[in-house]
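**Q** Need coordinates for the following:
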Amino acid sequence: MPLFSKDQIEQQKPISWLADPLKAAQETMKRYGLWHINQQMGSRWPIACVAVEITQRCNLDCTLCYLSEHSESIHDLPLDEVLRRIEQVYRYYGKNTDIQVTGGEPTLRKPDELCAIITIIRKLGMRATLMTNGIRASRSLLEKLCRVGLTDVAFHVDTTQQRKGYSTELELNVIRQAYLDKVKGLPLSVMFNTTLHKSNYHELPELVRFFCDHATQLRTVSFQLQADTGRGTLTTRSDDITLENTVERINQGGGTVLNFDAVQAGHPNCNRYALALVINNQAHNFYDDNRLFGQVLRASKTVNWQRNQPIQSVYRFGFWLLKHPAIALRLTAWGAKRLWQLKNTLIASRGKATTLSFIVHNFMDASQLDQERVACCVFNTMTRDGPISMCLHNAKRDGFIHQAIQTSEGKYWSPVTGSLSGTEQIIEVIPMDQLPSRFLRGRSRKIN
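**A** This is a model prediction of the structure:
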């Protein structure tokens, strides 16, 4: 497969995405031989999610970080520009698009600005996820964001963050439990993100067991494989950190074999997804019939699933089934068989069961961008000029975060000075050796 050079990368999606994004996504999947009954891109949605970065600042200095050495020196985007980018997401992909409100650490923005951001996402009929390390995500802030329409909160907790007093992933479960307690009772779908690297890879099975033990409070857990991109001090991953080995360790921790093929999102070398049915803290495979669930998911794409409203979503799906008796019969037969297989376990749990999603992301090294995978990317970042692959954005971040922003008056706002700069459209990047020490993070801090 051809690799991108830094000077050969297309920054914008073709116009066809604006005309019919679902069809354009489907055509992309067909072009690369990835179109089949279990493919979700181009079937249920044109994009899995779009990240809107509202700040480049962060209150941590992770050993694996997609931000650049210049990120800390960049001023926050004006609120008007953030809102414009959200409207751009809607223009490209329409209602029910998932937006990751991220950074940097998004809670470093003012609470009223965060509320304005979540409000417009909800107003446009899209879903907002707050991507946060949780340090500043207080209960009161989350309550405010829920009132204006926040759907999900995704807590990123792992050993790359070097939190004082915690040296292993298992020790960090204290923080994870505190975050679960913090959101208890809020109408939020809760996720946890973990970056996997050489020093914590062996802990993955135990971490999966922790998530299964708390499955009633969670919806999704995401594992991100180490990538050599951004300002992090860790670089090339170990040879044993692969998608296949990660799936194997998830299965080891869950005590079952989960099916990571029934639901596919974009390129198989980028993402893997499985759904577990958790009963008595024990995981059981849910998607055990690839063709059946591929057909159900494709046919039910019009059902509006709200992750933070599971009961209402089940009712919507039930009403949809009444209009599709053939699929209802097949699902009933499948359900009866599955209930019989799990009858003893369900009796022991008094019928209590929940689901837990497992996602594995295999992000690319900045110097090894694969053109096919970039074209098939289901996780985009919204730039000034449109959405692009998240891996591509991370690899060329400085070029994007230094773009001048044109105001309604025709002037240009400089992300370096945080002020209007007349008609200057190109903002020069400050040489690394001229950056003040307070801006140095990751590799630049280590060198200095």
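**Q** contacts, neighbours, all on C-alpha from now
**A** Noted.
**Q** List the buried residues of whichever strand or helix holds Gly318.
**A** Assigned by DSSP states H and E, Gly318 falls within helix 310-322. Applying a neighbour-count criterion of 16 or more other CA atoms under 10 Å, one finds 313, 317, 321 buried in helix 310-322.
**Q** and Asn96, how many residues sit next to it?
**A** Neighbours of Asn96 under the rule other CA atoms under 10 Å: 19.
**Q** what are the phi and psi angles of it?
**A** Backbone torsions for Asn96, taken as degrees, to the nearest 10, come to phi 70, psi 10.
**Q** Read off the pLDDT value for the residue nearest to Gly254 when sequence neighbours are not counted.
**A** In this structure, Gly254 finds its nearest non-sequential neighbour in Ala283, 5.2 Å apart by CA to CA, 6 or more residues apart in numbering. Ala283 is assigned a predicted lDDT (pLDDT) of 97.
**Q** for Gln434, same thing?
**A** 82.
**Q** same thing with the one 3 residues further on?
**A** Each residue has a pLDDT score; the one for Ser437 is 84.
**Q** go on, the one 5 residues further on?
**A** With respect to pLDDT, Gly442 scores 82.
**Q** Repeat that for Ala326.
**A** As predicted, Ala326 sits at a pLDDT of 95.
**Q** again, but for the one 3 residues further on
**A** Model confidence at Leu329, given as pLDDT, is 96.
**Q** Show me what the helix holding Gly318 is packed up against.
**A** Where contact means 3 or more CA pairs under 8 Å, 6 or more residues apart in numbering; DSSP states H and E, helix 310-322 is packed against helix 325-341.
**Q** give me the low-pLDDT residue ranges for the stretch 301-448 of the chain?
**A** Across the stretch 301-448 of the chain, the ranges flagged by pLDDT under 70 are 423-426, 446-448.
**Q** Now do the strands in the stretch 251-400 of the chain.
**A** For the stretch 251-400 of the chain, strands defined by DSSP state E, counting those that start in this stretch occupy the ranges 271-279, 282-285, 354-361, 379-383, 386-389.
**Q** Dump the ones you listed into CSV; add distance to Val89 as well.
**A** Below are the strands of the stretch 251-400 of the chain laid out as CSV (distance: least, CA to CA, whole Å):
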stretch, distance to Val89
strand 271-279, 22
strand 282-285, 34
strand 354-361, 22
strand 379-383, 7
strand 386-389, 8
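**Q** ok, now how distant is the residue nearest to Gly254 from Gln368?
**A** 36 Å (CA to CA, to the nearest Å).
**Q** neighbour count winner among these two?
**A** Ala283 (27 against 15).
**Q** For stretch 167-181, measure first residue to last.
**A** Stretch 167-181: ends 22 Å apart by CA to CA.
**Q** which residues make contact with it from outside it?
**A** Stretch 167-181 is contacted by residues 134, 155, 157-159, 166, 200, 203, 206-207, 210, 217 when judged by CA atoms under 8 Å, 6 or more residues apart in numbering.
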